[in-house]
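>>> next one to model:
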Amino acid sequence: MNELHTDPETTGNAPATRGRGTGTSSGTGIGTGIGIGIGTGIGTEASTSDGREPATASPASAPDPRPGTADPVKALMNRHHDLCARAVDHLEIAAGLEAHGVTDRTAARFRHRDVFSLAEEMYARFPRDPDAPPPHPAPAHRPGTGRPAPALLALLPGLLCVATVVAARSTDGRSRLALAVLGILLVGLAVRTLLRRGPLAGPHRAASGTRGWTFWLLTYAFLGDGLLEEGLTGGPDGPWSPATAPLLALALACAPAVWCAGLFTALSGRRLGTSRALDDFAASARPVLLGAFALFLGALLGLLALCGTLLGEHPAYAGAGALGALLLLARLLTAHGFPHAPAVALATAGAAEGLSLATVFASRLPGCSLLSVPVQTVTDAWGAGSVPALACGTAATVLLLHATRTLTRASAHAVPHEPR
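Numbering: from 1, shown residues only. So this is what the prediction gives:
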């Protein structure tokens, strides 16, 4: 007898009718009429023991749960096996599914009201060895967490900067220069240590060039406004006064930055545990992000006012405030696994400040006087501090809009394994 081979997917969704066969005779199920009989005589159209069609993984993250599919949730578990294996709770699975493009609408195709409900079933059904160790020891590796940063460590950059300013103002000549350089190195080491622990620590390194652009932005905050003013007036004819107050305030602001980031991480984690849909979590996490950002900005402006008063300098609210906001948002995004946008924003702001200085001095070349017109116009209207305010403020605004979309996702608070 000729054997007919048919693909289960070409036979539609009609159920297979079981039949009996003898010996080694075999047949195929076409439509609704003929069953398969092998060996002892009872067969089905599907190859699974319970008579259902075996699940096959589709190219998409979520297979299509069509009628006749054996177990779409099991197929989804097989596709995201590693995610289910390393998850310590269903929240990590929900966050991972969202990162792979599974939405609440997709979850409805699996007969679940939202991704969280689907993740609960996947976590409950995934086979685990009770004697095996947990996937990872503790949730300390979540984005924005890590080993707790002691209060003294958060205050260390500011305290070292205060000591450096006091020592530099108490000396002169080469001693002042040596103490200033030593103090800057110590502050930099303290900040680097702070970024490795606590809520501003991240599992991945910052993108290439981020440190260089950050150093340039801080250098401009210290020396840039004075150099720009000298350049616009034909100088510099000698040393110009650096802006110590903004740099001191930014160093002291490391402490409120750590505390506000920790507040955002803690409250977002609670919202993640109580939310029942991705949209609900995003709606509840967005005010938390904006509130933490506003709290930091208020603390930074207060520190700028304090440092300006104590040192007798202009506090540079606009320029230093915009720079502080940019640095905080950039670090938050990097710590949660989104390093690309911060790198672009920092590079853009730094390039804008460098270009403003370059055009001022390049305008002294024959026939190039028009190059300084844009910077001259801006500084005549709002002062030299308007250049960093516009550069950093624009970049910070773009990052804030980006953060309200990315840091309010459940996937931003999962355990990342690759930078996004």
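>>> now do the helices in the stretch 151-300 of the chain.
Here the stretch 151-300 of the chain has its helices, by DSSP state H, counting those that start in this stretch, at 151-170, 173-194, 210-219, 225-232, 244-252, 254-274, 278-311.
>>> point out the most buried one among those helices.
Mean neighbour count (mean count of other CB atoms under 10 Å) peaks for helix 244-252 among the helices of the stretch 151-300 of the chain, with a mean of 25. In short, each C-beta sits where N, CA and C put it, glycine included.
>>> now the helices of the stretch 151-300 of the chain in JSON lines, with mean pLDDT?
Shown next, in JSON lines, are those (pLDDT from 0 to 100):
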{"stretch": "helix 151-170", "mean pLDDT": "91"}
{"stretch": "helix 173-194", "mean pLDDT": "91"}
{"stretch": "helix 210-219", "mean pLDDT": "94"}
{"stretch": "helix 225-232", "mean pLDDT": "92"}
{"stretch": "helix 244-252", "mean pLDDT": "96"}
{"stretch": "helix 254-274", "mean pLDDT": "87"}
{"stretch": "helix 278-311", "mean pLDDT": "92"}
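>>> could I get those as TSV with distance to residue 382?
Formatted as TSV, those follow (distance: least, CB to CB, whole Å):
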stretch	distance to residue 382
helix 151-170	27
helix 173-194	29
helix 210-219	19
helix 225-232	12
helix 244-252	16
helix 254-274	27
helix 278-311	17
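>>> of all those, which lies closest to residue 331?
helix 254-274 (7.6 Å; CB to CB).
>>> which strands or helices does that closest one pack on?
Packed against helix 254-274 by the contact rule (3 or more CB pairs under 8 Å, 6 or more residues apart in numbering; DSSP states H and E) you find helix 90-99, helix 151-170, helix 173-194, helix 278-311, helix 317-335.
>>> the closest residue to residue 375 other than its chain neighbours: neighbouring residues, count only.
Excluding the flanking residues, the one nearest residue 375 by CB to CB, 6 or more residues apart in numbering is residue 356, at 4.9 Å. Per other CB atoms under 10 Å, the neighbour tally for residue 356 reads 24.
>>> cool, and the one 10 residues further on?
The local packing of residue 366 (other CB under 10 Å) involves 5 other residues.
>>> begin at 828, not 1, for the rest of this chat.
Got it, first residue is 828 now, which makes that one residue 1193.
>>> where does the stretch 1128-1247 of the chain dip in pLDDT?
Within the stretch 1128-1247 of the chain, the ranges that satisfy pLDDT under 70 run 1241-1247.
>>> all helices of it, in order?
1144-1162, 1167-1189, 1200-1209, 1213-1233.
>>> looking at the ones you listed, spot the one closest to residue 911.
Of all the helices of the stretch 1128-1247 of the chain, helix 1213-1233 comes closest under CB to CB, at 24.1 Å.
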